Each structure stands twice: as structure tokens, then as C-alpha cells.
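Participant: Curious how this folds, go ahead:
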Amino acid sequence: MNGVHTAQQLREKGNALYKKGKLTEAIKTYQDAARHAGNDDCLPWSNLSAAYFETGQYEQAATSALRALALCSRSDNNRREAASLEKKLPPRVFRAYLHTHQYAMARQWLKRYETAAAPDELHQYRSSLDRAEAVWKATPDEKRFRRDLEAEAPRYRPQYDVHYEFYNVGHDEITDILDFSVLSDLKRDISVFFAGVGDARHFYGQLVTLDMTSERMATSSPVKRQYHFSMNDRKASTFARNIVLFALLDELAISKDMPQAQRTELYTVVYFLYLGAIIPHFVVARLDGVIDMIIERLENSDSGTATVVLPWVQVYPSDRPEIVRALKSWKSDGSLTPQFSAARTIELAVMGLRMHRAMISENRAPPGCQKEMDTFSEVPFLQPPRSMLKEHEPELLKLLDGAASVQKLKSYLTANWTTNPTLLDEDWHGKVGCEVYTGWDPFAAYQHFHQILSLQEKGGPQKTKLFDHVSSFFRMVVVALRRIRGRLTAEFLLGDAASVIDAVRHGLIENRDATAPAAFDMVHLSNVPDYIGGSFFTFTTAGKILKNSQAAKLNTTCLRNTSLWKSQEEFHCEYMAVSDTKMLSRVTELQQTGKEGDYPLAMTGYMEWRRRRLVAPAFQYEDLLPRADLTRFLYIHFFKLALPYGRSLSDNDMRNYVQPSLNLTCFFRLLIHLHELGYPAHWLADVLSNILDNHVVTTARPPRSHPLRLQELSDHSNSPAEVCVGPFVSEMSTLTVLFQRILPFTPVSNALPSVDMIHQYSMQLNWLELPKNNETASMVLFFFDLEIHSPGNRIRDELDSSSSASGSNTLKQFRENGCVVITSFVCTGRRNIRTVKFWMREDVMDRIHQQHQHWTCAVWRADDWQRLTTFPEDVSLLVKGRKWADGKYDDIEMDM
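Facilitator: Next up, the predicted model:
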């Protein structure tokens, strides 16, 4: 059999594989065909180019296309096919270079193609290329660009409450969270990332576990491995509290010769600050001294480097002011603590304890602590060791020895003790006016610490007080610190977990040590995802900083609305828009591992995730969702972000609601995530282009249930129909330009503005009284033309072209030309007047401003779709600010 005939057969086999979607095999077959083909046979190379392009291998697609074009000129036998390829291949080469950001090469091939291209197509390609080059020219520094994008394009809708809640005592049981292969490899450095570090209990537990593992497995050679813990929280008060406790524990670790009475006093201070709702004055005095020391170190540090508060604790310059503010608010002569009387805290603690114990089936006292626990149930105060009572609280000792009444104990504590300042936050308690959180049971700490306590040697004095058990735990922490503090780093990373993780991943944290890890053996998320997008955040952001190892783990749990989910499938249906675990496995690189606990609710307990594959990209072509399924998946996500389903006005139970906190910037983050998995860039680019061109034809619809039901997601009975996305095109086109520098493709659409057309706009709005369902109230900003339509109470239906209530010609015109919806904006100020700020293309805003007589704006809630601002507002008051491209901050007068 001659080579030509073999090449033809291989091409036919490759074509059959291609049609079946087996492109990995098809590529291998086309490669064989090319090896057997004659010197003038361009067809195998053309086929190979097409297969490479469809799988997203654009460099190889361009190379194969160039080889095919070179052979076309030699092909005498197949001139017709060669001529066809000479028209078909140049646009493929152009798109390959366009999606790989090789704009100089793309321009060369566009010039070659321009004589054969249709005028409209040529214009679209040329304008897309011009805009892309302008974006890259305007933002040459990718790290600086990423910092600007994170600062200026928030990923969450603004919320009515501007201050975050502050609950600073945890409920987790401390367990071994690191894989044993990581623990036991003494030559391997270890890195852990804690999101929502809270009271740092898992940090303490890992210190003990790591130290004891090293001691038991160490050889004669000293252990040299380094330990790095990155601790994230969005509250500076959390870090302030942990620094105080770290300083006390470090003092105990380095002072081997400290007198026993002094050591007992320090452990007592740690005990009260960690678990106490109210504390005695000798603890307050010690707290004041530690605070003064920490503030002095923070305020006298070099402004350009991380502060080494302790030899192993790092605080970055940008985070110092807020931590210092929290520390100063806790001083005994400060203004915060006197606002929260011990009497009221005792009252709240009694109520909190009853509620806590009502939810727990077993409330056993730790060994030896039944009497103390019974007393605590009536008068919720921690009892210090007897030696501390003798020295600092002799009157209280008399009361306890004399079996004083509950009222006498309360009267003494109210007069002589104070609310634990480290439970207070100046914003949450001082400004918002919330009560002190006391919803924990200190005696549950024994169970929480039990796994660690079980590691200690048996024997020793009998434990008769809760202090004995808790101080044993902290003694183990101190021993571990003493041994490893020279090889330990704990860095504080203040801010939103998603923003911090992206900053760590891309090296955006200024003054961070170049040797600090960007990938971790353990990513511990606690229930942080409950507040920032659920498993969407887990898979598209947090999973990216796992080490490329099967031993690396990510742990997360759900606590905010646990009773809402009957299964994990329901949970991921809402957050990831997937119908089952198989579909989930095709849109994330993580797989669930570990044993599922026997819990009464499906989402109780921790879920453990690990990398599925250790190669990049994570998936081969055949592992991907088919292109049609991916397109539908993306449209569903877009609709969920743009038009979340509202809850009933009568629904006040936040435990059964998922706040629509994410905005349309997250659609771009999803596109980037999917490309990292291996989804071809042109698949993603085409979906975005359809949205930008308002040409979405799909079986998907905006959600009709909340949370999104599996039945609705799995229902493919809708006929393909055009769904109008006109109200969102202005924001989407603006965001496309903002994100274009880091998109893994080049958008091709005539709907995009040039980068120098993007400005920041601001406007003051008058706010209504906070309505019902006031917990968070995620927002959406509307501009609309009153000459076309004045929106009413059913504004969501009016924006949804697939709704049965939205079919009138007036509403069609309203969606197409009379409405601009903005999901990504900042809202500042409080009470009745607040300012909204957002980025937007100037042609849209100029039109609105020039037609201000009949255009207006208002803010709605995105959870129950009720209006938050007065109506109508005068859009002539819009302020046009700086350009996105040049960073100038001067406001500009808008022409009338």
C-alpha cells in the first residue's frame, strides 16, 4: 500500500473520530496521516490544524495551518481544495494568534485575509484587535493591573450593612487536618492557609500535632523543616485578639525559668481572654500591658516592611492601622468597653448558654467539672485556679467556699468584673450597636480540644476545674512553640478571603517575603464560603492555591443555612449550577475525598477536597463538558448573577436563604477558571460575544426557584429561544474591557468600547428607611428611561424577557433601549444619603446625562426586589470621574 493511499485512509479515520468528538485520538491519527502524505498534500495538515484549534491548542493549530498553506502552492492535483484552504486557513491562523494575545502576528494575518473577508467580519476583527492592543498598551504591568482590578471592580454586590459581623469564639473540634504523608515527611516544609481563622484553634492544634509528630519520628539529626501559616480574616479585631494571645503564649514559651505563680497567672489570663465573657480586673491589667507592647511595636515599625510583632508573627503595613485601632479600643481607659456592662453580658451569656445547650443533645461536664458547670449554668463566669483566687479575688473565693447564692455571685461579678474587651469590635458593636456575642459554652472546649489533649502523657494531677483542662491544652501549645518558633512563620492577611487568595496566588501582596508560599498543603476555609459564594468560591478561587500534590487538602463546611440542603447535590446545584457529581467533576479540578460523617443534616461537618489530576490542564478534551452543555452552563450562571430569584417579602428566616452576593464580575472569573481546566478559549469567547451582542439563543432561562432546584436545572424541555440581555450589555461590555488584560482569549464583538472610554461615575442618592428583611440587602443599581417605561413592583419580571409578564412591546423596547443595570458598584456613606460609584462606558452615560429630563436611577434590593432609594432621582447630578486607562483622579464636568 503506497503512502498516499495510507494517508487518505488515516485522514478518513481521523475525520470519523473528529465527528464522534474523540479529538485526542483524531489528532494522533492526523499526525500519522501527515507523516505518510506526499510532499504536496496539504489536507492532513489542514485537518490537524482544525483539530488542534477545536481543542484549544492554538499554537499547534497555527503551525499546522502554516504548513498546510505552504503545501497548497505545491498542490497541482488538488488545486480546487488548495484554493479553498487558502481562503479558510488565514482566518483560523488569525484567531489562533488573537486568542493567544500575539497581536503583531494576528495583524499580519488579518492583512493577508482582508481581501477575502466580508466587510462586516473584517471590521469586527480589526476593531477587536485594535481594542485588545490598546488594553495591553494601557496596562503593561500585570501585577499592578490585578491590584487595580481587585480594588476597583468589586466581586460582590454592595450590601446595606457596611460593617461585618464579629463572632470571635469558634465551635470546631480540633482534628488532624494535614495528610499523614505531609506530617511524617520531616524533610518537607509545611504551609497552611486559614480563611476565617477566628480564634486560631486549628492553628494551635496543628502546632501541637506537628511538634509531637516531629518528636516521635525524629532521628539523631535535628528537624529543619519550616512551618508557614497564612491566616486570613476580614476583621482586624480578630487579628488583634490573636496577637494578644500569641504574645502571652510566646512569653510562656521563652521563659523557662519563670516562677510557677507567674506562669499560672499567665495561663489564667490566656484562659479568660480565650473563653471568658467577663473577666476579672487582674486580667484587664495584664491585657493593658500586652496591648501597649504590641502597639509600640506596630507603630514604630518600618513603614515599608512587614512588622515582626513576635519573631514568628508578621503584620503587613497596610493592615497595621486597623489592628492598632482595635487594640486601642480594648484599653481599660478606652471608650468601647464601658458601653457593655458586665451585668448585661452576664444576662446575654445566660440566654446564649441556654440556646446553645438546647441545640446540643449531650452536655456532659468535663471530668471533675460537674459542680463548676452547674454553677456556670446560673452565673456564667470562669473560675480561676484557687491560687489566683487567693491572690486576686479573695472576696470571690469566700463566696464560692460559702456556697453563696446566685444573686450574691452576680452582684459581686457585676461590681468587680468587666466584659471581655477582646469580644468587642468598634464597628460591629460600637457603630452598628450590636450586642456582645456570648453564644458558646466554654465547657464544650474540653470536647473541642479532646483529640489534642488525648496526645499528652497519661497521669499527673487530677483535673477538677475547667481551667485544668484548658490550660493543659495551652501548655501543649507552649511546649510546641518553644521547640519550633525558630522555624515558624505566621502571617496575617487582612481582607476578603477571595481577594487575599488571589493576591497570594499572583504575588500581589506588597512587602511579602519572596520565599513565602503561594501554594499550600492545607487550605482550611471553615464556613467562609457561606458568605462569599459557597462552592463557587471554593472551586474557582480557593482551590487554586492547593499544592500540586495528592496529599494537599482543602476543607470547608456550611453553617449559615445548613438546614436548607437535603444533599450536597442541592448545595452545588445552587452555587455551581451543576445537576450531579459527574457534572461537578467536569467543571472543577477538585474531587471529594475522606469519609462523610454520620450527621443529621447533609451539609453538617467538613467536606474534604483534593486535586483530581496533577497535570495542567486538568482535563483532556474528552473529559470536558460538550460544547453545547458548556454554553448552557455558562448562560445559567450569567442569568443567576444578572437576575437572581427573589424571596418572599414575608420570609424573614435568613437560615433558609442564600444571599445573591456575587455580581457579574464573577462571570469573568468563571471563564478564566474554566480555561485553566482546559476549556478552549474560543468556546468561552463565543459565549461572551453572544452576550455582548445581545444574541443569546438557549434553552436556559433565568432562575425560577430559590435555591435553584435540581429539577429546574435538569429540565431541558425548553425550546431554544432568544433571551434578551440588553439591560446588562452596558455593564458586561464595560467589565469585558476591565478584565480583558487577564482574559485567556480576545473578545470579538462590535459592542465593546475602547479602553479610554471607560470612566468612573458617582452620584448621591437619597435612601428610604431600611425595609423588612434588613439583614444584608444585596443591591442592584438601575438607570431607566421614564419615557419608555416606569418600573413597578415587578421589575425582575420586566427585565426577564422569558417571563410571561414581559411580552409587551413597551417592555421589549424598555429592555432593548431604555434600561441599564449595574451589579458591580460601591456604595459609601450611611443613613439617608449614600454615594454610589461605578465604572461605565462614557457613551452610555453621556446619553443618559444628556437625556436627564426623562432618565432617572434607583437602587433595588436583589434579594426581594424592593426599592431602596427615592424615585425619581436627578441624573444630571452624575459626576464623571477618572479614566480607567490613565488613572487620573480629576472629576469632569458632564456636558448637558
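Participant: When you work out contacts or count neighbours from here on, use the C-alpha atoms and nothing else.
Facilitator: Will do.
Participant: and residue 408, what helix or strand is that in?
Facilitator: Per DSSP states H and E: residue 408 is located in helix 406-416.
Participant: care to break the protein down by domain?
Facilitator: As given by automatic domain parsing, the domain ranges for the chain are 3-117, 180-495, 629-647+658-896.
Participant: hang on, the earlier thing: following the chain onward from the helix holding residue 408, which element is next?
Facilitator: Per DSSP H and E, the first helix or strand lying C-terminal to helix 406-416 is strand 418-419.
Participant: Packing partners of that next one?
Facilitator: Counting by 3 or more CA pairs under 8 Å, 6 or more residues apart in numbering; DSSP states H and E, the packing neighbours recorded for strand 418-419 are strand 278-279, helix 342-359.
Participant: Buried deepest among those, which one?
Facilitator: The highest average neighbour count among the helices and strands packed on strand 418-419, using mean count of other CA atoms under 10 Å, belongs to strand 278-279 at a mean of 26.
Participant: So in that sheet, which strands flank that strand, and in what orientation?
Facilitator: On the basis of DSSP bridges, the sheet neighbours of strand 278-279 come out as strand 418-419 (antiparallel).
Participant: for the strand it pairs with, the distance to its chain's centre please.
Facilitator: Relative to its parent chain, strand 418-419 has a centroid offset of 35 Å by CA atoms, centre = their mean, to the nearest Å.
Participant: now do stretch 783-801
Facilitator: That offset, for stretch 783-801, works out to 32 Å (CA atoms, centre = their mean).
Participant: What of stretch 533-549?
Facilitator: That offset, for stretch 533-549, works out to 8 Å (CA atoms, centre = their mean).
Participant: what comes up buried for that stretch?
Facilitator: 533-548 (16 or more other CA atoms under 10 Å).
Participant: Out of the domains of the chain, flag the one nearest residue 134.
Facilitator: domain 629-647+658-896 (6.9 Å; CA to CA).
Participant: Can you show me the strands along the stretch 701-850 of the chain?
Facilitator: Counting by DSSP state E, counting those that start in this stretch, one finds strands in the stretch 701-850 of the chain at the ranges 721-723, 758-766, 779-785, 819-822, 826-828, 833-841.
Participant: Which of the helices and strands packed on strand 418-419 has the lowest mean pLDDT?
Facilitator: Per-stretch mean pLDDT for these is lowest at helix 342-359 (a mean of 87).
Participant: quick one: that helix to helix 406-416, angle?
Facilitator: Helix 342-359 runs at 130 degrees relative to helix 406-416, counting by axes from the mean of the first three to the mean of the last three CA atoms, to 10 degrees.
Participant: which outside residues touch helix 342-359?
Facilitator: By CA atoms under 8 Å, 6 or more residues apart in numbering, the residues outside helix 342-359 that reach it are 277-278, 363, 377-381, 410, 413-415, 417-419, 436-441.
Participant: Buried ones among these?
Facilitator: Counted by 16+ other CA under 10 Å, these give 277-278, 378-381, 410, 413-414, 417-419, 436-441 as buried.
Participant: Enumerate the beta-bridge partners assigned to residue 522.
Facilitator: Assigned bridge partners for residue 522, using DSSP bridges, are residue 192, residue 553.
Participant: quick revisit: for the helix holding residue 408, what is the distance to the chain centroid?
Facilitator: Relative to its chain's centre, helix 406-416 lies at 45 Å (CA atoms, centre = their mean).
Participant: Rounded mean pLDDT for it, please.
Facilitator: Helix 406-416 comes out at a mean pLDDT of 96.
Participant: In terms of secondary structure, what does that helix contact?
Facilitator: helix 342-359, helix 394-401.
Participant: just checking, what packs against the shortest one?
Facilitator: Using 3+ CA pairs under 8 Å, 6+ apart as the contact criterion, the elements in contact with helix 394-401 are helix 386-392, helix 406-416.
Participant: Would you mind giving those as JSON lines with distance to residue 642 added?
Facilitator: Shown next, in JSON lines, are the helices and strands packed on helix 394-401 (distance: least, CA to CA, whole Å):
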{"stretch": "helix 386-392", "distance to residue 642": "60"}
{"stretch": "helix 406-416", "distance to residue 642": "52"}
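Participant: and of those helices, who's closest to residue 645?
Facilitator: Per CA to CA, nearest to residue 645 of the helices and strands packed on helix 394-401: helix 406-416, 48.7 Å.
Participant: What lies in contact with that closest one?
Facilitator: 280-281, 341-343, 378-379, 396, 399.
Participant: switch to 7 Å and redo it
Facilitator: Applying CA atoms under 7 Å, 6 or more residues apart in numbering, the set of residues contacting helix 406-416 from outside is 280, 342-343, 378-379.
Participant: That one vs helix 394-401, what angle?
Facilitator: 160 degrees.
Participant: Let's see helix 406-416 as CSV, backbone CA atoms only.
Facilitator: Below are the C-alpha coordinates for helix 406-416, written out as CSV (Å, rounded to 0.1, in the frame of the first residue of the first chain):
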residue,chain,number,x,y,z
VAL,A,406,-26.7,33.1,92.6
GLN,A,407,-27.7,36.7,93.3
LYS,A,408,-24.7,37.4,95.6
LEU,A,409,-22.4,36.0,92.9
LYS,A,410,-24.0,38.1,90.2
SER,A,411,-23.8,41.2,92.4
TYR,A,412,-20.1,40.7,93.1
LEU,A,413,-19.2,40.0,89.4
THR,A,414,-21.3,42.9,88.2
ALA,A,415,-19.5,45.3,90.5
ASN,A,416,-15.9,43.9,90.1
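Participant: Next secondary structure element downstream of the helix or strand hosting residue 572?
Facilitator: Using DSSP H and E, residue 572 falls within helix 568-576. Sequence-wise, the next helix or strand downstream of helix 568-576 (DSSP H and E) is helix 581-585.
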